[in-house]
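Colleague: Generate coordinates for the sequence data below:
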Amino acid sequence: MNTRLKALRKALGLKQREIAARLEVTVGTIGQWEAGVTPLPRARIYQICKEYGVRRDYLEKGVGAMFERDALPKSEDEKLRESALALFNALTPKGKAAVLDALAEIVGKESGSAAGSKSISISDSTVDGDVIQL
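Modeller: Numbers count the residues shown, from 1 in each chain. I've put the predicted structure just below:
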């Protein structure tokens, strides 16, 4: 089970300290579990499966896929993208156009160029049925 715990952490792109903080244990404890020095307690198996959408059969026995199909962990970028898209979709067409104008200006400032020289295409977003392109 220790190698699967480490494989899980690597698949999630996390460091031992990040897992330790989430599970409220020490980094040393995570290291001991991963090295097989200390067995992973059943309560922690349950917590890890719940926190990270891991299949219990995978973690305990190495059987099947690592993650639950409907509970794949999302990166912070994916979470932010979903939140931003939900907020954007709640706007009126006029509000959507204003947000896109503001984004174009921000991108232009960050890239050191004028907003007009930076092209942004939002293919999933529409205003009155038309795809917006800046």
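
Colleague: dump the residue contacts of the most centrally placed residue in the chain.
Modeller: Nearest to the mean C-alpha position of the chain, by CA atoms, centre = their mean, lies residue 75 at 1.2 Å. If you count contacts by CB atoms under 8 Å, 6 or more residues apart in numbering, residue 75 has them with residue 13. (Each C-beta comes from the backbone N, C-alpha and C, glycine too.)

Colleague: Would you map out the domains in this structure?
Modeller: The chain resolves into domains spanning 2-71, 76-133 when parsed by automatic domain parsing.

Colleague: Name the surrounding residues that touch stretch 47-62.
Modeller: 1, 4-5, 8, 12, 22-23, 40, 45-46, 63-68, 71-73.

Colleague: so of the domains of the chain, which one's packed in deepest?
Modeller: Mean neighbours per residue, mean count of other CB atoms under 10 Å, is largest over the domains of the chain for domain 2-71, with a mean of 15.

Colleague: CA-only coordinates of the longest helix seen in the chain, as PDB, when you get a sec.
Modeller: Ranked by residue count and defined by DSSP state H, the top helix of the chain is helix 93-111. The C-alpha coordinates for helix 93-111 follow below in PDB (Å, rounded to 0.1, in the frame of the first residue of the first chain):
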ATOM      1  CA  PRO A  93     -24.600  40.100 -23.000                       C
ATOM      2  CA  LYS A  94     -23.500  43.700 -22.200                       C
ATOM      3  CA  GLY A  95     -21.700  42.500 -19.000                       C
ATOM      4  CA  LYS A  96     -20.000  39.700 -20.900                       C
ATOM      5  CA  ALA A  97     -18.700  42.200 -23.500                       C
ATOM      6  CA  ALA A  98     -17.400  44.500 -20.600                       C
ATOM      7  CA  VAL A  99     -15.600  41.600 -19.000                       C
ATOM      8  CA  LEU A 100     -13.900  40.600 -22.200                       C
ATOM      9  CA  ASP A 101     -12.900  44.200 -22.900                       C
ATOM     10  CA  ALA A 102     -11.400  44.300 -19.400                       C
ATOM     11  CA  LEU A 103      -9.600  41.000 -19.900                       C
ATOM     12  CA  ALA A 104      -8.100  42.200 -23.200                       C
ATOM     13  CA  GLU A 105      -6.800  45.300 -21.400                       C
ATOM     14  CA  ILE A 106      -5.300  43.300 -18.600                       C
ATOM     15  CA  VAL A 107      -3.600  40.800 -21.000                       C
ATOM     16  CA  GLY A 108      -2.200  43.700 -23.000                       C
ATOM     17  CA  LYS A 109      -0.700  45.300 -19.800                       C
ATOM     18  CA  GLU A 110       0.700  42.100 -18.600                       C
ATOM     19  CA  SER A 111       2.400  41.300 -21.900                       C
END
